[in-house]
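J.: Give me a model of this one.
(one chain, ligands or ions: 1)
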Amino acid sequence: MRKNIVAGNWKMNTTVAEGVQLAKEVNEALANEAVNCDVIVCAPATHLASIAAVINQDKLGLGAENCADHASGAYTGEVSAAMVASTGATYVILGHSERRQYYGENSAILRDKLALALANNLTPIFCIGEVLEERENGTYNEVVKTQIEEALFNLSAEDFSKIILAYEPVWAIGTGKTATADQAEDMHAHIRATIAAKYGKEVAENTSILYGGSCKPSNAAELFAKPDVDGGLIGGASLKCADFMGIVKAF
Ligand code: PGA
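T.: Take a look at the predicted model:
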């Protein structure tokens, strides 16, 4: 069966020392109490090896926020999937709306990144979601379906089964404006139906679909109570251990 997951996305925040401290706090909180979901932190590439050295990955998973669309070579400044894996991290966020919007990542680039992540045994946390205009003009279901079809439907069922999806309505990210639990559930059910039509009901039922966008301790329980919402991808509220753990404990 699919897992419940709460994953932090620190984005471009914290120095190495601050990030190690935050990861240690989350790790310690998880050592001291039983929780009902998998917990992951996704940190800047510079931090990963240092964090991997101080956490227990049986309790706290570690991921990158991105990886390159090439395996190796003359791509100054890029961090490959193999490099991410060599830090000890086992997850990677791909297709985040900030990468799509500010760094021109499209479905063709994301297909290459996904293939490299999977080839290096990283679990992709693949983000999809519509912008405000698409929410308002009613095309959001079609937009998200197309994002999934273009980037993921070339995968075998076996590879698709390794992926975690994150529905993040762009209008809700960092805005304090959360999708309602019903809006999230409607979209998650639509995503699961889209997967079922391609890969069958079993694969669809086993896919974890996280919600992201201004998720916080005060609204997490209502979102996570929905049958097709399997957890959250948490930006701002993942930067403080108490807030992040408040969301983890919503399960
Ligand atoms: P937010 O970000 O929780 O700060 O809205 C979520 C995300 O972008 O993953």
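
J.: can you tell me the residue of this protein closest to the ligand?
T.: The chain approaches the ligand most closely through Gly235 (2.3 Å), counting by C-beta to the nearest ligand atom. Any C-beta I mention is one placed from the backbone N, CA and C, and that applies to glycine too.

J.: That residue against Ala172, yeah?
T.: No: contact criterion C-beta atoms under 8 Å: Gly235 and Ala172 do not qualify, at 10.2 Å.

J.: Identify the contacts common to the two.
T.: Listed as contacting both Gly235 and Ala172 by C-beta atoms under 8 Å, 6 or more residues apart in numbering are Gly212.

J.: any idea of the mean pLDDT in the helix or strand hosting Ala204?
T.: Secondary-structure assignment from DSSP states H and E places Ala204 in helix 201-206. Here helix 201-206 scores 98 as its mean pLDDT.

J.: what's it packed up against?
T.: Here helix 201-206 touches helix 181-199, going by 3 or more C-beta pairs under 8 Å, 6 or more residues apart in numbering; DSSP states H and E.

J.: Next, the buried residues of the helix it packs on.
T.: 181, 183-188, 190-192, 194-195, 199 (16 or more other C-beta atoms under 10 Å).

J.: other SSEs contacting that helix?
T.: Contacts defined by 3+ C-beta pairs under 8 Å, 6+ apart place helix 181-199 against helix 140-152, helix 157-160, strand 164-167, helix 201-206, strand 209-212, helix 217-224.

J.: Please identify the buried residues of the second one?
T.: Meaning helix 157-160. Across helix 157-160, burial judged by 16+ other C-beta under 10 Å covers Phe160.
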